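[1] Show me the folded form of this:
(2 chains, ligands or ions: 1)
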Amino acid sequence: MRTCATWERDILLAQTGELSAARAAALTRHVATCPACRAFGVESAALCRRVQAVGAPPPSLPAATWARLRAVQPEPSAAYWSGRLFGPRLTWAAAAALLLALGLWWIRPQPGVPVRSADGAAQAVLVLTLLSADWEAQAAELEATLEADWQPGVARGWEALDELARELIGGEQS
Amino acid sequence: MDDGELLAAYRLGDETALAELVARCRRPLYGFIMKMCAYHEQEAEDLFQEVWLRALRHLPRFKQGSFLSWLFRIAHNLVIDQARRRKEVLSLNAPLGASGLTLSDQVAADEPAPDQQAAARELGARIRVAVAGLPVNQREVFLLRTEAELPFKEIARIQRTTLNTALGRMHYAVTRLRAVLRTDYDLLTGGTS
Ligand SMILES: [Zn+2]
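    This is a model prediction of the structure:
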């Protein structure tokens, strides 16, 4: 028996059009008989609209900001540099080697720290995952992390990898 | 023209295309940043500029998909750091930034129509305080949903988490806001805007 809290999550998904047709039909049947979920639907939608309405930005961009944006010179594209330096195949090989090195560095034994098998397993799985069929996508995700902000991005990249590792071994979740 | 066509025009040197793109993204992006920054206007304006500077510098790395989502991915890193650094709790009568204006002052300035009830203004202020009081992760999901109108799949990607976690955070946020604003439901759902 589903609780209203789980139906409420379906209501939120339905509001973004992300609920499957079958679940949407079940939700419609539940809401028809449940005043609490109906109220949740109406009030959550109203809340979202109302929050959006408060605090609109000043309509025009400050002149100094616009001047800075106009002056930006985009960096040369990654394709340009990789093609020039290595060719695409070699670039990916270098990226794979780097990821492997990072993985090995990460699972290195620490002096005086007992090896925890769960951590070791998670890290090993992670390294394998990064080198699996999907590793190009994983690398692109990492690159996206780094592109937005280098230093905090590195820290968050490790956090994300750590979280992924925990999910892979079915461990705790934040 | 859609965002992709405007980007293509900008890449060919068309500044009006850039102006159009910035204008198009201004409300959702600025709204998101400002509400994540507890309504500090100058800080929000600075971060808005920084997001765009980074986006334009790294434009060759943007390959496909929604340009707005990409901007929010950049904004995520900047805003989360800022929000975590900020320990203060938003209150209605504390001065915000260098202007010395309080949240109550800002709300009054935002909604100047004299015939609109004071009650609606106060509701706006209470909503702001309630949103600013959400834990950072929940607040971000809530604002990515309300300001950017992004689907949960995209929000999860921005937060680098699972769809279920993002959905759970939204559910907590809405439940909490409903509890805080329990006395305002009639006003909230009665079409006051
Ligand atoms: Zn129900």
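
[2] Which pLDDT value belongs to residue 32?
    Defaulting to chain A. Note on residue A:32: pLDDT of 96.

[3] let's do chain B instead
    Residue B:32 is given a pLDDT of 94.

[4] so what does the one helix or strand it maps to touch, helix or strand wise?
    Assessed by DSSP states H and E, residue B:32 sits inside helix B:15-36. Applying 3 or more C-beta pairs under 8 Å, 6 or more residues apart in numbering or on different chains; DSSP states H and E, we find helix B:15-36 packed against helix A:63-71, helix B:3-11, helix B:41-57, helix B:67-85, helix B:118-132, helix B:136-146. In this view, the C-beta of every residue, glycine as well, is placed from N, C-alpha and C.

[5] which of those helices is buried the deepest?
    helix B:136-146 (a mean of 23; mean count of other C-beta atoms under 10 Å in any protein chain shown).

[6] Which strands or helices does it pack on?
    In terms of contacts (3+ C-beta pairs under 8 Å, 6+ apart), helix B:136-146 is packed against helix A:35-53, helix B:15-36, helix B:67-85, helix B:118-132, helix B:152-159, helix B:163-180.

[7] Now do that helix, average pLDDT.
    Helix B:136-146 comes out at a mean pLDDT of 95.

[8] which residues does the closest residue to residue A:51 other than its chain neighbours contact?
    Once flanking residues are discounted, residue A:51 sits nearest to residue B:146: 4.8 Å by C-beta to C-beta, 6 or more residues apart in numbering or on different chains. Residues near residue B:146 by C-beta atoms under 8 Å, 6 or more residues apart in numbering or on different chains: A:48, A:51, A:52.

[9] likewise residue A:71?
    Residue A:71 makes no contacts at all, as judged by C-beta under 8 Å, 6+ apart.

[10] so how far is residue B:132 from it?
    Relative to residue B:132, residue A:71 is positioned 34 Å away (C-beta to C-beta, to the nearest Å).

[11] quick one on the thing from earlier: among the helices and strands packed on helix B:136-146, which is nearest the ion?
    Nearest to the ion, of all these, is helix A:35-53, at 3.3 Å by C-beta to the ion.

[12] tell me which strands and helices the closest one is in contact with?
    When contacts are defined as 3+ C-beta pairs under 8 Å, 6+ apart, helix A:35-53 packs onto helix A:4-15, helix A:21-33, helix B:118-132, helix B:136-146, helix B:163-180, helix B:185-189.

[13] how about the helices and strands packed on helix B:15-36 in a markdown table, adding distance to residue B:157?
    Below are those laid out as a markdown table (distance: least, C-beta to C-beta, whole Å):
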| stretch | distance to residue B:157 |
| --- | --- |
| helix A:63-71 | 26 |
| helix B:3-11 | 18 |
| helix B:41-57 | 17 |
| helix B:67-85 | 8 |
| helix B:118-132 | 22 |
| helix B:136-146 | 10 |
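
[14] Next, give phi and psi for residue A:2.
    With angles defined as degrees, to the nearest 10, residue A:2 sits at phi -80, psi 150.

[15] okay, stretch B:46-60 in PDB with CA atoms only?
    The C-alpha trace of stretch B:46-60 is given here as PDB (Å, rounded to 0.1, in the frame of the first residue of the first chain):
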ATOM      1  CA  ASP B  46      28.200  39.800  -9.600                       C
ATOM      2  CA  LEU B  47      27.500  36.100  -9.700                       C
ATOM      3  CA  PHE B  48      25.200  36.600 -12.700                       C
ATOM      4  CA  GLN B  49      28.000  38.300 -14.500                       C
ATOM      5  CA  GLU B  50      30.500  35.600 -13.500                       C
ATOM      6  CA  VAL B  51      28.300  32.800 -14.800                       C
ATOM      7  CA  TRP B  52      28.100  34.600 -18.200                       C
ATOM      8  CA  LEU B  53      31.800  35.300 -18.300                       C
ATOM      9  CA  ARG B  54      32.600  31.700 -17.700                       C
ATOM     10  CA  ALA B  55      30.000  30.500 -20.200                       C
ATOM     11  CA  LEU B  56      31.300  32.700 -23.000                       C
ATOM     12  CA  ARG B  57      34.900  31.900 -22.300                       C
ATOM     13  CA  HIS B  58      34.200  28.200 -22.400                       C
ATOM     14  CA  LEU B  59      31.600  28.400 -25.100                       C
ATOM     15  CA  PRO B  60      33.500  25.900 -27.400                       C
END
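
[16] sorry, back to before: so which of the contacts of residue B:146 also contact the ion?
    When contact is defined as C-beta under 5 Å from the ion, the contacts of residue B:146 do not meet the ion at all.

[17] Are any of those buried, and if so which?
    A:48, A:51, A:52 (16 or more other C-beta atoms under 10 Å in any protein chain shown).

[18] and which of these is nearest to residue B:12?
    Distances from residue B:12 to those, taken as C-beta to C-beta, are shortest for residue A:52 (33.8 Å).

[19] Neighbours of the nearest residue to residue B:166 once chain neighbours are set aside, how many?
    Leaving aside its chain neighbours, residue B:166 sits nearest to residue B:156 (4.0 Å; criterion: C-beta to C-beta, 6+ apart). Residue B:156: 20 surrounding residues under other C-beta atoms under 10 Å in any protein chain shown.
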